[in-house]
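**Student:** any chance you could fold what I've pasted below:
(chains A and B)
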Amino acid sequence: MRAPSAFLWQVTKLLATLALTFIGLLLVTFLIGRIVPVDPVLAVVGDRASQSVYDKAYIELGLDKPLYEQFWIYMTKMVTGDLGQSFLTKKDIADDILRVFPATLELATVGILIGTVLGLPLGVLAAVKKGKLADQLVRVLGLVGYSAPIFWLGLLGLLVFYAKLGWVAGPGRIDIGYEYSVTQTTGLLLIDSAMQGQWDAFRNVVSHIILPASLLGYFSMAYISRMTRSFMLNELAQEYITTARVKGVPEWRIIWIHALRNAAVPLVTVIALSYASLLEGSVLTETVFAWPGLGQYLTNSLQNADMNAVLGGTMVIGVIFVGLNLLSDLLYTLLDPRVRRRG
Amino acid sequence: MLHVPRFFSTAAVALFAGLATPAAQAETPPDTLIQAWSIDDVITLDPAEVFEFTASEILGNTYQGLIGYNVNDVSDIFGVIAESWEVAPDGMSMSFTIRDGMQFATGNPITVDDVVFSLTRAVKLDKSPAFILTQFGLNAENVDDMIVKTGDNSFDLKMDKAYAPTLLLYCLTATVGFIVDKQLVLEHEVDGDLGYNWLKTAYAGSGAFTIREWRANEVIVVERNDNYSGDAPPMARAIYRHIPESSTQRLLLEKGDIDIARDLGPEEIDALQNNPDIRIESGVKGSIYYLGLNQKNEFLSKPEVRQAMKYLVDYATIADTIAKGTVTVHQAFLPKGFLGALEETPFELNVEKAKELLAAAGVPDGFTVTMDTRNTPEITGMAQAIQQTMATAGINLELIPGDGQQTLTKYRARNHDIYIGRWGPDYQDPHTNADTFARNPDNSDDAASKPLAWRNAWDIPEMTAKADAAVLEKDAAARAEMYLALQREHQETSPFVIMFQEIEVLGFRDNVKGFVVGPSFNDNSFKAVTKE
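**Tutor:** Coordinates of the predicted model:
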């Protein structure tokens, strides 16, 4: 057992690191936003504004102040939870993010579930059948997942599964007919509709999410299966596997219990990173599927030099990355007894 | 033995094909009009601030102004909230009388106080479209003396000059002249902001529909206004869904999940032409596509070079094969449909003529210039075609792609060589475009007014005087002649290669009837839309 002071020191160190990370992240984003050759005033007043209107907006946005002062004002407001207001939506950034993030969270979560559920066994299969047809197929499948543009795959998916076969619903999160029958409490429509017992709406939401989530899942699957294969090949070549086989342990147990258990430790990081990249917002998927998520929000904000929104979104992404990293560290401890013992 | 993967793959297929049973609706609800449009340009819903295409259309269907006009013949002006108007003998003011018995969606009656409040509020807030009113000599300090109530049903609007009466009337048809519910707006006033912070996301009008909800970049929902003074619209609600991708819009339209697709590109229009369930309709809009040649550039400032460039655009080919019906060739600054619009198109691709002009300018071997090009499909397509034809005369045109704000920032700072742009009129009077294409009162870098002529550093004191004279002419026929002469001179001498006028193309489900495509976006109306 550690001394309380040592524990406190660890926590303080962690918090200081986090604070520095976020300040650095915001500073870089802030500076990039000021360096890009885009006039943020134009986003507010438009192309036709007279010089007097332009000048007024320039001052209202605080752009007449020195850069360090603008950054300081932003930081002090942010500490109090005020992320500022979006030039584009005229709403508080925090409200905007709370509105768009659940859409991305829902899509990314279903996507990563599909990616993991498919990618993990396929990776194991490829490792076990190394060099054989199954291995080749999984690798080709992964290669296509890596290389095909998601924009193109999305449109193709819509054409086949929505327009031709009619298996899934089209773009958007929910049909207009159900839109107002579900009260959004969590913002996650799958959960909201299920909690309210709106099963027709639930089916409709599933029907909308399944195609974009499968696409994202496919991309995650490509990465996860490839890494699983690699980790599993490494584990299957270890001496403890040979020992187990000599002892007559069934093959399925060797693969799924012994080898996969050990391969799972680095896989946690792989899956967490995949999830984080999906949570950043998949801009192209969100565009093709008219998915009102964080990716679309951030892209639109960036194109219109709506820097408050960009900074707010960056913060959210930073928190996600840090959070998922911490989570994977925690899972490491649970999965790997050596880490537990060291701790 | 690998049973587990088989289980997983079976489960995945079941999830995809089983759970996702066909939940897409076969068609949209009969009392709801659903449109797919890229609505990311909506940044406010306040009439005093709205200046974007989508929001203008929303306001056109949800608010009313004093004055309206026939969209098929814009010279036919009529009163909406105003019953009548009269110009003072000296032409320096106009008296308006308000109709009785009209009310806002809240049930509050529309009074002259609401009208005076709405117009003075727009001037005092001084947002981007305020110049449409302030150009008559109004400002925040004097507006309370310039727009004054004169009776229970009447008010006077005074001006600093005796402008052509139609100019004021057309300006009052713009969204900045729409009337808001004074009582409702003032209930939400905070720190003397005239309800600005509330109204930018709310509604206080009297139009055929009310705005129920705006979720930025997602959806706009409007609902029938039961207190509307005109005929009740057949649709109970209309919904704009933000669908930025044109191919996606096409799929939704074909499938019947939307009623109208608003951003179909040339490829989609082509593909939908023979679909019996789809009807393609179009309407000529006021927007103009042009090249702005910066006169600070040593080559572009030569008159012969400017003229040569007008012969180095293949107008017909771009209109027919690249834009495919979304533009029509037009070469004057006033769009068709405006008073005094010049419809002559003297320029066509003529490389030999252009080479002669370049030789006369002392640059027989051409030169290199850049063109800032907004990275939208239609602008990029046009720019690439122009690049090719310019090259045939030795002009090396380097395209600099960028997003809208980026290219605009450079253009407004006069740091471009050539800018390929699109300009839409702000109201239906010819002064709107003359003011920007043919006026430049001060060409200095710190000028207070920065019209397009200024952005291209074109110093034109004489033409500015002619444009100023035209805006004061009261006789419509004489005024039209003045604008025709102005455009002919502009066509020959200006650093603007005016190329096309926009045609708005919409894809409808065949059962949707009654949508009006007007000359400006606030004229687009779904008040009479029915589904058969």
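**Student:** and residue B:11, what's its pLDDT?
**Tutor:** pLDDT, residue B:11: 43.
**Student:** could you say which helix or strand holds the residue of the stretch 151-300 of chain A found nearest chain B?
**Tutor:** Residue of the stretch 151-300 of chain A nearest chain B, by CB to the nearest CB: residue A:207 (3.7 Å). Every residue, glycine included, has its C-beta placed from N, CA and C. Residue A:207 is located in helix A:199-236, with elements delineated by DSSP states H and E.
**Student:** other SSEs contacting that helix?
**Tutor:** helix A:93-128, helix A:133-147, helix A:150-157, helix A:176-179, helix A:189-195, helix A:260-279, helix A:283-288 (3 or more CB pairs under 8 Å, 6 or more residues apart in numbering or on different chains; DSSP states H and E).
**Student:** can you put those in a markdown table and add mean neighbour count and distance to chain B?
**Tutor:** Formatted as a markdown table, these follow (neighbours: other CB atoms under 10 Å in any protein chain shown; distance: least, CB to the nearest CB, whole Å):
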| stretch | mean neighbour count | distance to chain B |
| --- | --- | --- |
| helix A:93-128 | 23 | 4 |
| helix A:133-147 | 15 | 9 |
| helix A:150-157 | 17 | 6 |
| helix A:176-179 | 18 | 6 |
| helix A:189-195 | 19 | 11 |
| helix A:260-279 | 20 | 10 |
| helix A:283-288 | 23 | 6 |
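**Student:** can the ones you listed go into CSV with extra columns for distance to residue A:5?
**Tutor:** Output for the helices and strands packed on helix A:199-236, formatted as CSV (distance: least, CB to CB, whole Å):
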stretch, distance to residue A:5
helix A:93-128, 36
helix A:133-147, 49
helix A:150-157, 50
helix A:176-179, 55
helix A:189-195, 43
helix A:260-279, 31
helix A:283-288, 47
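**Student:** picking that back up, buried residues in whichever helix or strand comes after the helix holding residue A:207, which are they?
**Tutor:** For helix A:199-236, the succeeding helix or strand toward the C-terminus, using DSSP H and E, is helix A:239-246. The neighbour-count check on helix A:239-246 (16 or more other CB atoms under 10 Å in any protein chain shown) flags A:241, A:244 as buried.
**Student:** helix A:239-246 close to chain B?
**Tutor:** No - using CB under 8 Å from any CB of the partner chain, helix A:239-246 never reaches chain B; the gap is at least 13.8 Å.
**Student:** ok, residues contacting that helix?
**Tutor:** The contact list for helix A:239-246 (CB atoms under 8 Å, 6 or more residues apart in numbering or on different chains) reads A:235, A:251, A:253-254, A:258-259.
**Student:** ranking those residues by neighbours, who comes first?
**Tutor:** Greatest neighbour count in those, by other CB atoms under 10 Å in any protein chain shown, goes to residue A:259: 25 neighbours.
**Student:** which residues are in contact with the nearest residue to it once chain neighbours are set aside?
**Tutor:** Closest residue in space to residue A:259, ignoring its immediate chain neighbours: residue A:235 at 4.1 Å, by CB to CB, 6 or more residues apart in numbering or on different chains. Shown in contact with residue A:235 (CB under 8 Å, 6+ apart): A:241, A:258-260, A:262-263.
**Student:** which of those lies closest to residue B:449?
**Tutor:** residue A:263 (69.4 Å; CB to CB).
**Student:** now do that closest one, the pLDDT please.
**Tutor:** We have a pLDDT of 87 for residue A:263.
**Student:** what do you get for residue A:235?
**Tutor:** The score at residue A:235 is 89. That number is its pLDDT.
**Student:** same check on the one 5 residues further on?
**Tutor:** For residue A:240, the pLDDT comes out at 89.
**Student:** please apply the same query to residue B:26.
**Tutor:** For residue B:26, pLDDT reads 52.
**Student:** next: residue A:103.
**Tutor:** In this model, residue A:103 carries a pLDDT of 93.
**Student:** hmm, residue A:290 and it touching each other?
**Tutor:** No - using CB atoms under 8 Å, residue A:103 is not in contact with residue A:290; the gap is 10.6 Å.
**Student:** need the three-state assignment for the spatially closest residue to residue B:160 that is not a sequence neighbour.
**Tutor:** Nearest residue to residue B:160, sequence neighbours excluded (CB to CB, 6+ apart): residue B:137, at 2.6 Å. Judged by DSSP: H, G, I helix; E, B strand; the rest coil, the three-state class of residue B:137 is coil.
**Student:** burial check on residue 203, number of neighbours?
**Tutor:** All of this is about chain A. 18.
**Student:** please refer instead to chain B.
**Tutor:** Residue B:203: 26 neighbours (other CB under 10 Å).
**Student:** what's the answer for residue B:86, then?
**Tutor:** For residue B:86, the count of nearby residues is 13 (other CB under 10 Å).
**Student:** I'd assumed it was in a strand, is it?
**Tutor:** Yes - assessed with three-state DSSP, residue B:86 lies in a strand.
**Student:** mind listing what it touches?
**Tutor:** B:94-95.
**Student:** list the helices and strands the longest helix along chain B packs on?
**Tutor:** If you go by DSSP state H, chain B has its longest helix at helix B:476-493. Counting contacts by 3+ CB pairs under 8 Å, 6+ apart, helix B:476-493 packs against helix B:303-310, helix B:431-437, helix B:461-470.
**Student:** quick one: buried residues of the last one?
**Tutor:** Under the neighbour-count criterion of 16+ other CB under 10 Å, helix B:461-470 has B:463-464, B:466-467, B:470 buried.
**Student:** just stretch A:305-323 next, same as before
**Tutor:** So for stretch A:305-323, counting by 16+ other CB under 10 Å, buried means A:305-318, A:320-322.
**Student:** next: stretch B:494-511.
**Tutor:** Applying 16+ other CB under 10 Å to stretch B:494-511 flags B:494-509 as buried.
**Student:** which single one of those residues is nearest to residue A:276?
**Tutor:** Nearest to residue A:276 among those is residue B:507, at 39.3 Å by CB to CB.
**Student:** and that closest one, that's in a strand?
**Tutor:** Yes - with three-state DSSP as the criterion, residue B:507 is part of a strand.
**Student:** so where is chain B shaky, pLDDT-wise?
**Tutor:** The model of chain B has pLDDT under 70 over residues B:1-26.
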